[in-house]
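A.B. asks: no FASTA, just this:
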């Protein structure tokens, strides 16, 4: 089985006024992201406001993308849920639609849960789905889920499901932990969930990146990760990384999902982009918002620095 790798965009989810997925705009956005050099799309993750949508709507949206010629093999949907039966249902749907992989949050809401409890959650999903060739990536984002996927959990799951457990997305921001994960688990593809840290993680053996900033700077991060091994041949390589860090820093000075949606409402001239699921709130008057304006300035530098393919 080939080790999964590359740059995957943690795609935003456009929404209509009635708070349903704007499927047409979502399709357009996914097509745009794939043209930016991404290896695939991590849909319905944190950036995609996944836990604000029903399982039914997420499954219907996956169907819509595939019907409209998005290759199912490039999709990695988030199927983790606080309700294990919901996670199983959506993962089985992904299998039926010929997807290759899913990204699984640990069970969230309850705090201070045992390793055994987390392992049992993942065992229930993998065994009920029952496909020995299907690939799972764990999703470590303890600052949001309140559950840390530690080395004991990873080790036990790898022993049980060496064919299924292929990777982990680490959005903890703890780069030392990512380095140790790479060192201790040779067969596990470690994806960095932080735009600014992705290059450092890949230089230490990481598999790639699954990040939010790729919605607006996918061309930049994809070029960095796909070309860092020949960086000495690229005159301005350090400037590329510096620009990525500036974009990430600017994004995190405000709530990043609302900021990126406000950004697209201006650059695409589509006001409907500036709609979010509660409890997230939109940015009012994005055309005059300082952070959105700064992002537009930074993103305009990408085409000047990234060589044409």
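C.D. replies: Noted; the coordinates are in hand. Predicted model only: the values in this text are computed from it and were never measured.
A.B. asks: can you name the residues that contact residue 90?
C.D. replies: 55, 58-59, 77, 79, 81, 102 (CB atoms under 8 Å, 6 or more residues apart in numbering). Bear in mind the C-beta positions are built from the backbone N, C-alpha and C, glycine included.
A.B. asks: if you set the cut-off to 10 Å instead, what comes out?
C.D. replies: 44, 50, 55-56, 58-59, 62, 77-81, 102, 125 (CB atoms under 10 Å, 6 or more residues apart in numbering).
A.B. asks: how about residue 256?
C.D. replies: Neighbours of residue 256 in contact, by CB under 10 Å, 6+ apart: 12, 46-47, 195, 212-213, 215-216, 248, 250, 291.
A.B. asks: any idea which of those is closest to residue 95?
C.D. replies: Distance to residue 95 across those (CB to CB) is lowest for residue 46, with 22.8 Å.
A.B. asks: wait, the closest one sits on residue 140?
C.D. replies: No: the criterion here is CB atoms under 10 Å, and residue 46 misses it with residue 140 at 11.7 Å.
A.B. asks: one step back: between which two of the contacts of residue 90 is the distance greatest?
C.D. replies: 56 and 125 (18.4 Å).
A.B. asks: just the buried residues of the helix or strand bottoming out on mean pLDDT in the chain, please?
C.D. replies: None of the helices or strands of the chain scores lower by mean pLDDT, DSSP states H and E than helix 142-145, at a mean of 90. For helix 142-145, the neighbour count (16 or more other CB atoms under 10 Å) marks 142, 145 as buried.
A.B. asks: what of stretch 159-174?
C.D. replies: By neighbour count on 16+ other CB under 10 Å, the buried set for stretch 159-174 is 161, 164-172, 174.
A.B. asks: just stretch 295-309 next, same as before
C.D. replies: For stretch 295-309, the neighbour count (16+ other CB under 10 Å) marks 295, 298-299, 301-302, 305-306 as buried.
A.B. asks: for that stretch, the averaged confidence score.
C.D. replies: The predicted model assigns stretch 295-309 a mean pLDDT of 90.
A.B. asks: give me the contacts around it.
C.D. replies: For stretch 295-309, using CB under 10 Å, 6+ apart, the contacting residues are 36-37, 213, 216-224, 227, 234-237, 239-240, 242-244, 246-251, 254, 259-260, 262-263, 266-267, 287, 289.
A.B. asks: how does it look with 8 Å?
C.D. replies: So stretch 295-309 is contacted by 37, 216-217, 219-220, 223, 234, 236, 239-240, 243, 246-247, 250-251, 259-260, 263, 266-267 (CB under 8 Å, 6+ apart).
A.B. asks: separate out the buried members of those residues.
C.D. replies: Among these, the ones that count as buried by 16+ other CB under 10 Å are 37, 216-217, 219-220, 223, 234, 240, 243, 246-247, 250-251, 259-260, 263, 266.
A.B. asks: just those residues: which are in helices?
C.D. replies: The helices, defined by DSSP state H, take in 216-217, 219-220, 223, 240, 243, 246-247, 250-251, 259-260, 263, 266 from these.
A.B. asks: which one among these gets closest to residue 20?
C.D. replies: Closest approach to residue 20 among these (CB to CB): residue 260, at 19.8 Å.
A.B. asks: where does pLDDT dip in the stretch 1-150 of the chain?
C.D. replies: Scanning the stretch 1-150 of the chain for pLDDT under 70 picks out the ranges 1-2.
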